[in-house]
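A.B. asks: Output the structure for:
(chains A and B)
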2 protein chains.
Amino acid sequence: MGRKKNLLGPSFPFGSPEELNSYLPYLLTRVSHIWNTEQAHVLAQAGISKAEMRVLSCLSAYGELTVGDISTLSVIEQSSASRTVDQLVMAGMVERHIGQDDQRKRTVVLTRKGSSRLSMVAPFVNQQFTAFADGIDPKDLKTTADVLHSILVRFDER
Amino acid sequence: MGRKKNLLGPSFPFGSPEELNSYLPYLLTRVSHIWNTEQAHVLAQAGISKAEMRVLSCLSAYGELTVGDISTLSVIEQSSASRTVDQLVMAGMVERHIGQDDQRKRTVVLTRKGSSRLSMVAPFVNQQFTAFADGIDPKDLKTTADVLHSILVRFDER
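C.D. replies: Numbering: from 1, shown residues only, chains lettered A, B, ... in the order given. As a prediction, the model looks like this:
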């Protein structure tokens, strides 16, 4: 039938639910949709928008970022990322800086208020993640994160 | 500082790029976005829309599905899934059936024409996946798929 199992799993198109359920792109799309749908409820409870949450989170991790970097890291389209940064500046949660290494570069950093905001949201998000990862062997969870990170790095290097 | 490493990885909010880059929900969101962005180009080349592709693919794997199941499996909102099924019926690529097990249930199945359509697209999609998974240890790729599938199963059982 021309369908052959190779080392990377079954070939598209799939002839059984099992084949589809072992296909990484399908699983990525389904599972990230589940996470983000659940997070929408969690963030509504915590009183913060998804865009605000993502922008503050990547600034917390990276310290200082351009709006372009924020857009990439937070997977928010550039114009929305820019608008979210404007709103966060107004709310006193981030500040615009002139780049430390390159004076022509405009960057954004988290303020103490933005940092407190993230700390307030943290229990909600951490509880969601604990439930999400419930029952997964920590070693397998690490392998999963390493595999996805390797794809990300390869993509960013292109 | 109240930040502690636990077995499941660092706690939100993150204090370094490394912490963010080991956080599964972040990686899922980034990597699925990359896959789907790249796939948009691949499908444009192959002359098929994302919605058509997803609906035909899950029918290929499952054989017979309700529009509700198609919506869930293809991660397309119910009304769009329904509209896509209508278009595919008109194009002769799927057919509406009365459910095999439950006569009250309306289901959708792939036609021979829909199946040929998927076979035409297959080389594009398989090439994309091979490049995407390039360099990943097949054992680690399988662990990743198993971990994500276990999250999916747990979610579907709720």
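A.B. asks: Which residue lies nearest the spatial centre of chain A?
C.D. replies: In chain A, the C-alpha nearest the mean C-alpha coordinate belongs to A:Ser74, at 5.5 Å (Cα atoms, centre = their mean).
A.B. asks: Kindly provide the distance from that residue to chain B.
C.D. replies: According to Cβ to the nearest Cβ, to the nearest Å, A:Ser74 stands 9 Å off from chain B. C-betas here are computed from N, CA, C, even on glycine.
A.B. asks: In space, what's closest to that residue - neighbours in sequence excluded?
C.D. replies: A:Arg54 (3.6 Å; Cβ to Cβ, 6 or more residues apart in numbering or on different chains).
A.B. asks: did I read that right, that neighbour in a helix?
C.D. replies: Yes - per DSSP: H, G, I helix; E, B strand; the rest coil, A:Arg54 lies within a helix segment.
A.B. asks: coming back round to it: I figured the residue nearest to the centre of chain A was touching A:Leu56, is that so?
C.D. replies: No - the criterion here is Cβ atoms under 8 Å, and A:Ser74 misses it with A:Leu56 at 9.2 Å.
A.B. asks: Look up which helix or strand A:Val108 falls in, please.
C.D. replies: If you go by DSSP states H and E, A:Val108 is part of strand A:106-110.
A.B. asks: tell me what that strand is packed against?
C.D. replies: Contact here means 3 or more Cβ pairs under 8 Å, 6 or more residues apart in numbering or on different chains; DSSP states H and E; on that basis strand A:106-110 packs against helix A:50-62, strand A:64-65, helix A:67-74, strand A:94-98.
A.B. asks: so where's chain A shaky on pLDDT?
C.D. replies: Along chain A, the model assigns pLDDT under 70 to residues A:1-7, A:99.
A.B. asks: What ranges does it have for its helices?
C.D. replies: Along chain A, the stretches classed as helices by DSSP state H are A:17-20, A:24-46, A:50-62, A:67-74, A:78-90, A:112-132, A:138-156.
A.B. asks: separation between A:Met120 and B:Ser80?
C.D. replies: From A:Met120 across to B:Ser80, the span is 36 Å (Cβ to Cβ, to the nearest Å).
A.B. asks: A:Ser79 now?
C.D. replies: 24 Å.
A.B. asks: Which one of those two is surrounded by more residues?
C.D. replies: A direct count of neighbours by other Cβ atoms under 10 Å in any protein chain shown for A:Ser79 and B:Ser80 places B:Ser80 higher, at 13 against 10.
A.B. asks: got a list of what the closest residue to that one other than its chain neighbours touches?
C.D. replies: Using Cβ to Cβ, 6+ apart and skipping the chain neighbours, the partner closest in space to B:Ser80 is B:Ala51 (6.2 Å). Counting by Cβ atoms under 8 Å, 6 or more residues apart in numbering or on different chains, B:Ala51 touches B:74, B:76, B:80-81, B:84.
A.B. asks: try 10 Å this time
C.D. replies: B:43, B:74, B:76-77, B:80-81, B:83-85, B:87-88 (Cβ atoms under 10 Å, 6 or more residues apart in numbering or on different chains).
A.B. asks: which of those residues are buried?
C.D. replies: B:43, B:74, B:76, B:81, B:84-85, B:88 (16 or more other Cβ atoms under 10 Å in any protein chain shown).
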